[in-house]
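> Build me a model from this:
(2 chains)
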Amino acid sequence: DTGVSQNPRHKITKRGQNVTFRCDPISEHNRLYWYRQTLGQGPEFLTYFQNEAQLEKSRLLSDRFSAERPKGSFSTLEIQRTEQGDSAMYLCASSSRSVGNSPLHFGNGTRLTVT
Amino acid sequence: AQTVTQSQPEMSVQEAETVTLSCTYDTSESDYYLFWYKQPPSRQMILVIRQEAYKQQNATENRFSVNFQKAAKSFSLKISDSQLGDAAMYFCAYYGGTQGGSEKLVFGKGTKLTVNP
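Predicted coordinates:
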């Protein structure tokens, strides 16, 4: 169990640019989640995959955000035309069963700063 | 919509003492799950303890225990014999179960716990 890996750890970008983050879950986990955490707040749910299917998306996930998990393994989260309000820590988590029955294993996150 | 409230932005405790972190939540569901997650300064969040709402018995994990009051919608975390490694942000979280097909965890804003030597 190498844990959930997220890259990059930090990303600084200018407003209007596109950014992409990557998450590699624990290999045997078929469920993958993206959360966003702003300063002084708890994580907010963005989206959820089971295998390659994106089964749930938050209303927070505007049309500038897109997430994929093409082969049911790693996932990418892309933000187009970044805005300063997108500055946050983006957390990825994985699990082997439903949230109620299995703990979420979180990565260290990608910290995005939009200037 | 379900909400989770942690009214203590910061708490401190002396090493070896006991501290209780508060959490209240709002839901109309009768069956759900509650969690406490710990986020140390390295930022990787880990599960501390889990409670199923239909179980009246309070969950316990070593030095960590909860006081679950379903009618009051209260879910506090007690840390006994506090250790320096307990210093972290603690998040209370709610999961409404799979009735609606959602896998969303709803988190509170967190409580920053400082452990003084």
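> Which residues are in contact with residue 80?
Picking chain A for this. A:18, A:64-66 (CB atoms under 8 Å, 6 or more residues apart in numbering or on different chains). Using the backbone N, CA and C atoms, a C-beta is placed for each residue, glycine as well.
> try chain B instead
B:18, B:63-65.
> if you set the cut-off to 6 Å instead, what comes out?
B:Ser80 makes contacts with B:18, B:63, as judged by CB atoms under 6 Å, 6 or more residues apart in numbering or on different chains.
> separation between it and A:Ser96?
30 Å (CB to CB, to the nearest Å).
> what does the helix or strand bottoming out on mean pLDDT in chain A rub up against?
Within chain A, no helix or strand scores below strand A:53-57, which has a mean of 93 by mean pLDDT, DSSP states H and E. Residues from elsewhere that reach strand A:53-57 (CB under 6 Å, 6+ apart): A:47-48, B:103.
> quick one: strands adjacent to that strand?
Its sheet considered, strand A:53-57 pairs with strand A:44-50 (antiparallel) by DSSP bridges.
> Which stretches in chain A count as strands?
Using DSSP state E, the strands found in chain A span residues A:5-7, A:10-13, A:19-24, A:31-37, A:44-50, A:53-57, A:65-68, A:75-79, A:88-95, A:105-106, A:110-114.
> closest one to B:Ala71 among these?
Nearest to B:Ala71, of all the strands of chain A, is strand A:44-50, at 27.1 Å by CB to CB.
> what's the one helix or strand B:Val115 maps to packed up against?
Element membership for B:Val115 (DSSP states H and E) is strand B:111-116. Judged by 3 or more CB pairs under 6 Å, 6 or more residues apart in numbering or on different chains; DSSP states H and E, the packing partners of strand B:111-116 are strand B:10-14, strand B:88-95.
> how about the CA coordinates for that strand, as CSV?
Extracted in CSV, the C-alpha atoms of strand B:111-116 (Å, rounded to 0.1, in the frame of the first residue of the first chain):
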residue,chain,number,x,y,z
THR,B,111,-11.0,22.4,15.0
LYS,B,112,-7.3,23.0,15.4
LEU,B,113,-6.0,21.0,18.4
THR,B,114,-2.7,22.1,20.0
VAL,B,115,-1.1,19.7,22.5
ASN,B,116,1.2,21.5,25.0
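> can you list the residues that contact that strand?
Residues contacting strand B:111-116 (CB under 6 Å, 6+ apart): B:6, B:8, B:10-15, B:21, B:82, B:84, B:86-87, B:89-90.
> Just the buried subset of those residues, written out for PyMOL, thanks.
Here is the PyMOL selection string for the buried members of these, based on 16 or more other CB atoms under 10 Å in any protein chain shown:
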select buried, chain B and resi 6+8+11+13+21+82+86+87+89+90
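> Out of the contacts of strand B:111-116, flag the one nearest to B:Gly110.
When these are ranked by distance to B:Gly110 (CB to CB), B:Met89 comes first, at 4.6 Å.
> Over to the spatially closest residue to B:Ala16 that is not a sequence neighbour: give its phi and psi.
Spatial nearest neighbour of B:Ala16, chain neighbours left out: B:Asp81 (5.7 Å); criterion: CB to CB, 6 or more residues apart in numbering or on different chains. Dihedral pair for B:Asp81: phi 50, psi 60, per degrees, to the nearest 10.
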